[in-house]
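Asker: got a predicted structure plus its sequence, pasted below:
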Amino acid sequence: MRFAVFGKNCDLKYRNIMDRRDIHVLKYFSSYVSVSDGKVINITDPTLTYCPLAEHLYKDFRGKSHSDKDAIKNVIKMAIESKIKDYGFFTDERKILFNDVAIPYGASEMISFSLRKKVIDAAVVVCDGAGTVITDKPKIVQGIGARMNSLLMTSPVKGIIKKLKSFGCQVVFENALIDQARGVQEAVRAGYKTIVVSVCGHSAENLKAIRSIEKEYDVSVITLAVCTTGITKDKINIIRDHADLVWSCASSDVRRIIGSLAILQLSRQIPVFVLTEKGLDFVAAYSRNKEIIDDLDSKKQYLASNEPSGQPVYLGNFKVFIRECKLPVNARKEPIFEDKNEYASV
């Protein structure tokens with residue numbers, strides 16, 4: 001059964017829970033986290049020992065011993081439980097509207113800006129308890145995506161699906177399946193011509209199918225590859241060939257293989273790589289200074305960072321500086337795995 005891949009003996013230990021079909025699996029801090037009935041029921045051992053973004057967002061990660069897996073798992077549990085308690089993740093109490101910027105270069109933040117500015121018609125995104133969702137509402141995209149981490153599998157939650165539909169969203173599968181290629185196909189059938197889709201790195205093969213749909217129906221699809229921690233080099237190569245923007249997360253291979261081909265790198269610690277002119281147009285919608293992004297030469301490479309060097313520009317709510325330089329540019333503090341050789345097998 002598919003669930004068996006998310007942790008040793010999980011298929012046996014939680015078979016009764018699967019039968020009840022309230023099971024959600026996400027990846028956080030390299031651990032697979034299983035949630036059922038609004039509770040964290042299993043966390044696999046993390047192979048990541050340090051992440052600057054997690055440390056920035058959750059104070060409980062600060063000061064933890066990198067070798068103490070139990071302590072890290074406890075902090076992971078606390079982080080996910082706070083999402084359940086405060087925002088109703090995985091339950092009927094799910095809050096699905098949000099209109100602020102949570103992190104500087106979040107995919108949902110950038111999609112929301114593009115929808116608000118009508119650069120795109122619709123987004124194909126993922127929501128816990130609903131699976132693949134099509135929406136043209138910026139607040140919905142940010143509400144369901146701003147605090148979500150690598151959702152790999154989910155099951156239907158009636159309250160969440162009902163809320164999404166009440167705001168005019170299309171829940172593609174009543175069984176909450178996550179299939180972003182099918183989602184794009186449904187968005188095309190709904191009449192949308194310019195679509196953005198987020199695809200988890202673990203499902204990178206969907207990107208090929210999405211490009212075929214784009215060509216067959218003569219529409220424009222902006223592809224965002226997210227949640228790439230631990231993906232294999234085969235999937236990285238697919239992302240390289242078919243994505244417009246790529247979030248490198250904790251993957252050094254993504255930094256090395258894809259970063260060197262990027263036109264623009266957003267941030268140094270957890271870089272987002274822009275690979276195409278279509279991707280640049282998408283980033284321009286996230287900026288108050290669209291003309292500066294529009295003027296970038298796609299044959300050159302640029303870094304956008306907090307370092308006060310280069311041309312000032314606002315991306316989202318944040319002032320950064322863009323300068324030409326060879327990519328990728330690494331940071332002093334980067335994600336650390338307990339064993340570098342485990343990158344491809346996490």
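Answerer: The structure has been received and is ready for your questions.

Asker: who's in contact with the longest helix along the chain?
Answerer: Taking DSSP state H as the criterion, the chain has its longest helix at helix 69-87. Contact partners of helix 69-87, identified using C-beta atoms under 8 Å, 6 or more residues apart in numbering, comprise 26, 28-29, 31, 33, 35, 38-40, 43, 45-46, 49, 54, 58, 60-61, 64-65, 89-91, 94-95, 147. All C-beta atoms are positioned from the backbone trio N, CA, C, and that covers glycine.

Asker: filter those residues to the buried ones?
Answerer: Using 16 or more other C-beta atoms under 10 Å as the burial test, the contacts of helix 69-87 include 26, 28-29, 31, 33, 35, 38, 40, 43, 46, 49, 54, 58, 60-61, 89-91, 94, 147 as buried.

Asker: can you give me the distance of A187 to L53?
Answerer: A187 sits 30 Å away from L53, going by C-beta to C-beta, to the nearest Å.

Asker: run through the stretch 1-150 of the chain and note the low-pLDDT ranges.
Answerer: Low-confidence segments of the stretch 1-150 of the chain, defined by pLDDT under 70, are located at 1-20, 62-66.

Asker: that older thread, and the longest helix of the chain, which residues are buried?
Answerer: For helix 69-87, by 16+ other C-beta under 10 Å, it's K69, I72, K73, V75, I76, K77, A79, I80, K83, I84, Y87.

Asker: next one: the first one from I336, what distance?
Answerer: Think K69. K69 is 14 Å from I336, by C-beta to C-beta.

Asker: starting at the chain centroid, how far to stretch 46-57?
Answerer: With C-alpha atoms, centre = their mean, to the nearest Å as the basis, stretch 46-57 stands 16 Å off its chain's centre.

Asker: give me the distance between the two termini of it.
Answerer: With C-alpha to C-alpha, to the nearest Å applied, stretch 46-57 spans 18 Å between its terminal residues.

Asker: for A284, what are phi and psi?
Answerer: phi -60, psi -30 (degrees, to the nearest 10).

Asker: again but with I43, I slipped
Answerer: phi -140, psi 120.

Asker: you'd agree it is up against S30?
Answerer: No - look at I43 against S30 with C-beta atoms under 8 Å: they stay out of range, at 10.6 Å.

Asker: which residues in the stretch 51-200 of the chain form strands?
Answerer: For the stretch 51-200 of the chain, the strands defined by DSSP state E, counting those that start in this stretch cover 122-127, 131-135, 151-153, 170-171, 194-200.

Asker: just the angle between the last one and strand 131-135, please?
Answerer: Taking axes from the mean of the first three to the mean of the last three C-alpha atoms, to 10 degrees, one finds that strand 194-200 is oriented at 160 degrees with respect to strand 131-135.

Asker: contacts for strand 194-200, please.
Answerer: For strand 194-200, using C-beta under 8 Å, 6+ apart, the contacting residues are 107, 111, 114, 119-126, 145, 150-152, 178, 180, 183-184, 187-188, 206-207, 210, 219-227, 243, 282.

Asker: so which residues of this protein form helices?
Answerer: Counting by DSSP H, the chain has helices at residues 10-13, 15-20, 52-57, 69-87, 107-116, 138-145, 158-166, 180-189, 205-217, 233-242, 252-257, 277-284, 290-294.

Asker: and the third one, what's buried?
Answerer: This means helix 52-57. P52, L53, A54.

Asker: what does the last one give?
Answerer: Residues of helix 290-294 classed as buried by neighbour count (16+ other C-beta under 10 Å): K290, I293.

Asker: which other residues reach that helix?
Answerer: L280, D281, V283, A284, S287, Q311, V313, I322.

Asker: how far does it sit from the chain's center?
Answerer: 25 Å.

Asker: for stretch 259-270, same thing?
Answerer: That offset, for stretch 259-270, works out to 16 Å (C-alpha atoms, centre = their mean).

Asker: circling back to that earlier point, using JSON lines, lay out the buried residues of helix 52-57 together with distance to H202.
Answerer: Shown next, in JSON lines, are the buried residues of helix 52-57 (distance: C-beta to C-beta, whole Å):
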{"residue": "P52", "distance to H202": "22"}
{"residue": "L53", "distance to H202": "19"}
{"residue": "A54", "distance to H202": "19"}
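
Asker: please identify which of those residues is nearest to I236.
Answerer: For those, the minimum distance to I236 (C-beta to C-beta) is 19.7 Å, reached by L53.

Asker: and the residue nearest to that closest one when sequence neighbours are not counted, what does it touch?
Answerer: Using C-beta to C-beta, 6 or more residues apart in numbering and skipping the chain neighbours, the partner closest in space to L53 is I270 (5.0 Å). Neighbour list for I270: P52, L53, Y105, W247, S248, C249, A250, P335 [criterion: C-beta under 8 Å, 6+ apart].

Asker: what pairs with A304 across the strands?
Answerer: L266, I322 (DSSP bridges).

Asker: mind checking how far it is from V313?
Answerer: For A304 relative to V313 (C-beta to C-beta), the value is 7 Å.
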